[in-house]
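Enquirer: Generate coordinates for the sequence data below:
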Amino acid sequence: MLVIGTLPVNIPLGIYDDVDKIPLGLGTGALYHAAHRTLRMFGREKDLRLLTASAHNSDKIYEFAINEKPQGRLACVHYIMPKLDPFEKMFGVLRTNFSFLTFDAGGMYACKACKLAQQADMFTPDAGEMAFLADKDSTHPAYVQHILLEIDEEEVKRLVGLAYEHGNLPRYTVVKGEVDLFVRDGEVVKKISQPCVPALEPIGGTGDTLVGILSALIYSGFEPEKAFELASKALRQIGENLRVKPDTPVGEIIGEIPAVLGRAL
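Expert: Numbering: from 1, shown residues only. Got it, this is the predicted structure:
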């Protein structure tokens, strides 16, 4: 399993397989650590690799992936500057060399802008990002027609339909939020709303944590819908068990993954 994304620290370009060298913070770091905790439950943590560089070095990541042509079963592209020509070339390499491709954040934005969404396997937007995916003309979430002043489930479902109609969703989409939705072929087929823990929403890194658990479960052999159910419920249960507050560090949440997910399994 390969995670691709920048980190907000000064770190040399490369592929890392030592979790202790990767800071546990927001974004790609949280996703990577959540995936590691999950894979360790199956004895597969040594399969996890991270292609990364510091935040302003997305070009180097693109160049590395295009030239070195990494291979594996699942790749998850996360925080990366969406530069379209190098992204399209990297996408070609990943599509050839990996059987399942997941995109979040900048990777997802670039996928849509390059009109490659239907060639991906999974997107993991939040409700606001769904407005971007539903807008056939927008190339970045800052420029969308649909302004979500109040996000509700029915509005998100409408945006899902628009995004799929415009060819901006892959086969699977997980919409993260107070209600998590699993979308297959443009249709919402499952939703998870319990336990309801509103305080999880403002905690930075919880969405990244969900993507890390989800991707690791798919890599470990779970069907995408079952992986979604396990990941969503586990994160919510952790929030309830810890009685999280908006200032709860995401590291505390990630540390509870093995115990809660282990009981679910």
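Enquirer: now the helices for the stretch 101-250 of the chain?
Expert: 105-113, 127-134, 153-165, 206-219, 224-242, 250-255 (DSSP state H, counting those that start in this stretch).
Enquirer: CA atoms only: put the third one into CSV for me.
Expert: Right, the one you point to is helix 153-165. Only the C-alpha atoms of helix 153-165 are listed here, as CSV (Å, rounded to 0.1, in the frame of the first residue of the first chain):
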residue,chain,number,x,y,z
GLU,A,153,-28.1,15.0,3.7
GLU,A,154,-30.6,15.7,0.9
GLU,A,155,-28.4,18.5,-0.6
VAL,A,156,-25.4,16.2,-0.5
LYS,A,157,-27.3,13.5,-2.3
ARG,A,158,-28.4,16.0,-5.0
LEU,A,159,-24.7,17.1,-5.5
VAL,A,160,-23.7,13.4,-5.7
GLY,A,161,-26.2,13.0,-8.6
LEU,A,162,-24.9,16.1,-10.4
ALA,A,163,-21.3,15.1,-10.0
TYR,A,164,-21.9,11.6,-11.3
GLU,A,165,-24.0,13.0,-14.2
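Enquirer: between that helix and helix 105-113, how big is the angle?
Expert: Helix 153-165 runs at 50 degrees relative to helix 105-113, counting by axes from the mean of the first three to the mean of the last three CA atoms, to 10 degrees.
Enquirer: and helix 153-165, how far from the chain's centre?
Expert: Centroid separation between helix 153-165 and its chain, computed with CA atoms, centre = their mean, to the nearest Å, is 19 Å.
Enquirer: for this protein, what helix or strand is lowest in average pLDDT?
Expert: Sorting the helices and strands of the chain by mean pLDDT, DSSP states H and E puts helix 127-134 at the bottom, at a mean of 88.
Enquirer: Can you check what angle separates it from helix 105-113?
Expert: Using the same axes, to 10 degrees, helix 127-134 lies at 20 degrees relative to helix 105-113.
Enquirer: Helix 127-134 packs against which elements?
Expert: helix 105-113, helix 153-165 (3 or more CB pairs under 8 Å, 6 or more residues apart in numbering; DSSP states H and E). Every residue, glycine included, has its C-beta placed from N, CA and C.
Enquirer: Please name whichever of the ones you listed is nearest to Gly205.
Expert: The closest of the helices and strands packed on helix 127-134 to Gly205 is helix 105-113. By CB to CB, the value is 12.1 Å.
Enquirer: Quick one: list the elements packing against that closest one.
Expert: Against helix 105-113 (3+ CB pairs under 8 Å, 6+ apart) you get strand 74-77, helix 84-97, helix 127-134.
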